[in-house]
Structure formats: C-alpha cells, structure tokens
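1. Could you look at this predicted model? Sequence included:
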Amino acid sequence: MNQFLDALDSSNRWHADFSFEATIISLLLAFVLGQVIAWTYARTHSGLSYSRSFTQSLVLMTMVIAMVMYVIGNSLVTAFGLLGALAMIRFRNVLKDTRDTVFVFIALVVGMAVGSQRFLTAVLGAAAISLAVAYLNVTSFGTLGRYDGYLTLRLAALGEAGASNALLNRFCRAIKEVSTRQSGEDEGAEFVYQIGLRDRMRSQEMLKALRDLDGVTHVSLVLRNELSEV
C-alpha cells in the first residue's frame with residue numbers, strides 16, 4: 001500500500017517522465033477521473049440546460065489538459081507558444097449555468113494535476129469534489145423557499161372553495177394565497193396559491209383529484225426548477 005501511494009504521490013518531486021508507460025498511465029487516469037467528474041455532473045444536474053455533448057466534453061477536456069501539460073513540460077518557451085496558439089481558438093458555446101463553469105474548471109485543474117504527474121492530488125481532489133457535489137445535491141443545500149410552485153384554481157362559484165382547500169391541505173405542507181379574482185358571490189372565482197408539496201412526485205395525482213371535484217373548472221400547476229427560488 002505504501003509503495004502504491006509513493007508511486008502516486010509525486011507532487012513534491014516533479015521531474016516529468018515522458019516515457020511511453022508514463023504517458024499511457026497519465027492519459028488513462030485522466031480518462032477515468034474525467035468520467036468521474038462527468039458522471040457526478042450528470043447525476044446531480046437539475047434543470048433544462050443539460051447537454052450530452054457538454055458532459056462528454058468534460059471527459060475529453062481532462063485528457064486534453066493532461067496532454068497540454070505534457071507538451072509544455074518544463075519549457076517556458078513552449079508554454080508561451082502554446083498559450084498564443086490557444087488564444088486563436090474562440091469558444092462560442094456560452095455556459096448558461098455558473099455550475100457548468102465550475103465543472104469546466106474542475107476538469108481543467110484535474111487534467112493539469114494528471115499532466116504534471118501529481119497523480120495522488122488528482123485522485124484525492126476528484127474524489128473530494130465529487131463527494132462535496134453529492135452532499136450539496138442530496139441535502140438541497142442553499143434552498144431558501146418553502147414553496148415548490150404556483151397553483152391556479154378556477155371555481156364555478158366562490159362557495160365551492162371548501163372542498164378544494166381540504167384537498168390541498170392533504171397534498172401540501174405549505175399553502176399561501178397569492179391572489180383572488182371574482183366578479184360576484186354567485187359567479188366564478190380564480191385563486192392563485194404558492195404551494196409546498198409534501199411529495200413532488202404526487203403533483204399529477206393532486207391535479208387529477210382537484211379536477212374531479214364538483215365546481216372546479218380549471219386547474220394548472222407551475223413547478224419551479226429545483227435550483228431556483230419562488
């Protein structure tokens with residue numbers, strides 16, 4: 001075990017080994033760690049901006065950066081030359097989510113660590129970051145709102161709101177009336193609520209139960225993205 005750790009830990013004695021075996025090991029490790037990063041991103045992603053090509057690019061980016069570090073080696077001239085060449089490349093893909101930018105940066109740093117043969121740093125760093133991302137995803141860290149979305153409910157008459165309120169209390173842990181629109185006592189009324197569901201997976205069941213109530217003419221629900229607040 002100690003020999004294995006000594007083989008990985010070259011962070012304090014970096015003298016680049018450009019042998020065939022060292023290059024293959026670095027590329028394979030970059031490929032594996034790139035997949036760990038990409039898998040973590042895919043499993044914890046939430047929202048509508050998911051892209052398979054972006055997920056695959058995280059794997060390739062880790063390997064490319066490892067190769068870049070090999071090309072640079074200890075040569076300052078090569079480093080400046082490569083920087084000038086990369087400056088000619090324009091990345092036109094705009095990242096819509098700051099979280100995507102973070103994962104790009106993670107892939108870059110892990111690739112640099114592998115390319116500079118700091119293998120132990122790369123492995124421990126990728127593992128620690130993956131665990132941190134999993135923890136933030138499982139605990140929904142940063143969520144402030146109590147509500148999951150907006151429910152719009154239209155009734156044929158104002159006096160028929162009692163049954164719908166009882167049903168809402170059964171499916172919702174938090175209810176806040178946002179607005180009410182009505183023309184008269186015997187005419188239709190429209191209610192808009194902020195609701196916090198007891199179980200988001202049962203939202204369709206709640207909508208069906210509301211539509212089956214007498215006097216309900218329209219029901220619609222808009223659920224927020226889990227990464228945003230309402």
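-> Thanks, I have it. Residues are numbered from 1 along each chain as shown.
2. Which neighbouring elements make contact with the strand or helix carrying A163?
-> Taking DSSP states H and E as the criterion, A163 maps to helix 161-171. Counting contacts by 3 or more CB pairs under 8 Å, 6 or more residues apart in numbering; DSSP states H and E, helix 161-171 packs against strand 149-155, strand 189-197, helix 203-211. Heads up, the C-betas are built off the backbone N, CA and C, glycines and all.
3. Give me the buried stretch members for it, please.
-> A161, S164, L167, L168, F171 (16 or more other CB atoms under 10 Å).
4. With stretch 115-122 instead?
-> With burial defined by 16+ other CB under 10 Å, the residues of stretch 115-122 counted as buried are G115, S116, Q117, R118, F119, L120, T121, A122.
5. so the residue nearest to the first one when sequence neighbours are not counted is in which element?
-> Right, the one you point to is G115. In space, and not counting its chain neighbours, G115 is closest to M69: 2.4 Å by CB to CB, 6 or more residues apart in numbering. Element membership for M69, per DSSP H and E: helix 52-72.
6. Phi and psi next, for the residue most central in space within the chain.
-> Closest to where the C-alpha atoms of the chain average out (CA atoms, centre = their mean) is H45, at 3.0 Å. According to degrees, to the nearest 10, the main-chain angles of H45 amount to phi -70, psi 140.
7. Quick check: it vs A38, distance?
-> H45 is 10 Å from A38, where distance means CB to CB, to the nearest Å.
8. Could you do L155 as well?
-> With CB to CB as the criterion, L155 and A38 are 49 Å apart.
9. For the chain, which segments are assigned as helices?
-> Along the chain, the stretches classed as helices by DSSP state H are 2-8, 20-44, 52-72, 76-87, 98-115, 119-138, 161-171, 203-211.
10. For F191, find the nearest of the ones you listed.
-> Taking CB to CB as the criterion, helix 161-171 is the member of the helices of the chain that comes nearest to F191, at 7.2 Å.
11. looking only at pLDDT, what's the mean for the closest one?
-> The pLDDT scores in helix 161-171 average 81.
12. Quick check: which ranges of this structure have low pLDDT?
-> Along the chain, the model assigns pLDDT under 70 to residues 1-18, 47-48, 74-95, 142-146, 158-161, 183-187, 225-230.
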